[in-house]
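Student: next comes the sequence, and after it the predicted model I'd like to discuss.
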Amino acid sequence: MKKQIISVITLLIVLIIAGYYFFNASDDHLSDLNARNFKIEEIEKVDKIFLADSKGHQVTLTKDGTVWRVNGEYTARTKRIENLLITAQNLEVKQRVPKSKLETIIKTLITKNIKAEFYQNNELIKTYFVGNADGNTTGTYMLLIDEKSGENYATPFTTHLLGFEGYLTPRYEPDPKTWRDLKLFYFPKNAIASVKLNYPENPSESFEVKLKETDYKLYQNGKVIPSNPIEIKKYLLNFKSISAERLVSDETKDSLFTNLENRKPWFTLSVTNLIGKTTSVKAYRKPMPPGSKNAIGMPLLFDPDRFYGVCFDNEMAILQHFVFDPLLVKKSDLEWNTDI
């Protein structure tokens, strides 16, 4: 009886060891670690990243001093870059793909993938295919490519980040629009020369605030309006950091421009900095589908959360009321109240 128990325990140990090597080794050589070496240890030396998918989307991210740029033209979102670099530095192999799924996963990785390339001083140092999530959506299928020969390794793996629940594919999204920094106004130190806010449907509340010597003055139609300096200073503080939510896709942008071209804007807002650069937004309300109602059953004509904005040199963006509402004051809000 004792011998049988020992035999069963021995068999279990052998199966556990065999299972470990099956799920954690490459197909070519069980001791080959190259096929699972996704990590980039010295991530701070990476200065270019190229991402491309099988649908033709692609983006090149390059480091310019301390700033990352999108396709050499736009400033990149700092947080998005940080997330990608953290991912590339800390990728762990969770397990190898089970043999029962191997053929399907390899086919998917080769035909429907995101290819990620990392460079240092224009030298390719790491490249791999990024696939979809595994069945539990806690791991991501990936396949390394030998950067020297350009050949794929034979074994794909399920990868993950320790301490992170979820799959990693969105961090490698190759659409340039998702990487751009969408800050419209950024004045953390209030380096504002003027703000001009125009309401086409309510012109009597339109105004301009301009810096004259050391003080800001309120204007309407070129005339100085007696104003409350405290309210003006409080108002200008709202321009510390204002961003768009996202850009409208190229597929729908042209038709949206056509639909809006004969409509009167809701407002136009222009801010000029101390060196004369002006940033402008032309806003349009976002219609709701016919028959829409609010929480108490009243007809809802326009989206209460979002609206359209023409900005970034004639691009179309989705903007949020929550973000912009503090900027949309009226002339009467800034005037000196003679009743006090």
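Tutor: Great, that's in hand. Owing to the predicted nature of the structure, the values given are computational and were not obtained by experimental measurement.

Student: got the domain boundaries for the protein?
Tutor: Here the domain parsing of the chain from automatic domain parsing is 27-178, 183-334.

Student: could these go into TSV alongside mean neighbour count and mean pLDDT?
Tutor: C-beta here means a position set from N, CA and C on the backbone, and glycine is covered the same way. Converted to TSV, the domains of the chain look like this (neighbours: other Cβ atoms under 10 Å; pLDDT from 0 to 100):
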stretch	mean neighbour count	mean pLDDT
domain 27-178	16	88
domain 183-334	15	94
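
Student: distance of the closest residue to residue 336 other than its chain neighbours from residue 75?
Tutor: Distance criterion Cβ to Cβ, 6 or more residues apart in numbering; nearest residue to residue 336, sequence neighbours excluded, is residue 226 at 4.2 Å. Going from residue 226 to residue 75 by Cβ to Cβ, to the nearest Å gives 40 Å.

Student: also residue 232?
Tutor: 29 Å.

Student: isn't residue 278 up against residue 271?
Tutor: Yes. Because the distance of 7.0 Å satisfies Cβ atoms under 8 Å, residue 278 is recorded as touching residue 271.

Student: quick one, strands of the stretch 51-200 of the chain?
Tutor: 58-64, 67-70, 74-75, 92-96, 114-120, 123-133, 140-145, 157-160, 183-185, 192-198 (DSSP state E, counting those that start in this stretch).

Student: could I get those in a markdown table, plus columns for distance to residue 166?
Tutor: Converted to a markdown table, those look like this (distance: least, Cβ to Cβ, whole Å):
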| stretch | distance to residue 166 |
| --- | --- |
| strand 58-64 | 22 |
| strand 67-70 | 23 |
| strand 74-75 | 27 |
| strand 92-96 | 13 |
| strand 114-120 | 16 |
| strand 123-133 | 8 |
| strand 140-145 | 9 |
| strand 157-160 | 9 |
| strand 183-185 | 27 |
| strand 192-198 | 40 |
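
Student: how about the ones you listed, which one is nearest residue 282?
Tutor: Ranking the strands of the stretch 51-200 of the chain by proximity to residue 282 (Cβ to Cβ) places strand 192-198 first, at 9.5 Å.

Student: strand partners of whichever helix or strand comes after that closest one, parallel vs antiparallel please.
Tutor: Counting by DSSP states H and E, the next helix or strand C-terminal to strand 192-198 is strand 207-212. Strand pairing for strand 207-212, using DSSP bridges, gives strand 192-198 (antiparallel), strand 215-220 (antiparallel).

Student: what's the closest of these to residue 204?
Tutor: Among these, strand 215-220 sits nearest to residue 204 (Cβ to Cβ), with 8.3 Å.

Student: after that closest one, next one along is what?
Tutor: By DSSP H and E, the next helix or strand past strand 215-220 is strand 223-225.

Student: re the thing from before, now render the strands paired with strand 207-212 as TSV, adding distance to residue 153.
Tutor: Formatted as TSV, the strands paired with strand 207-212 follow (distance: least, Cβ to Cβ, whole Å):
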stretch	distance to residue 153
strand 192-198	55
strand 215-220	63
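
Student: where along this protein do the helices fall?
Tutor: Here the chain has its helices, by DSSP state H, at 2-24, 78-90, 99-111, 229-236, 250-260, 321-324, 331-334.

Student: quick check: the residue nearest to residue 336 touching residue 335?
Tutor: Yes. With contacts counted by Cβ under 8 Å, residue 226 reaches residue 335, the gap being 6.5 Å.

Student: returning to that earlier point: closest to residue 313 out of the strands paired with strand 207-212?
Tutor: Of the strands paired with strand 207-212, nearest to residue 313 by Cβ to Cβ is strand 192-198, at 18.0 Å.
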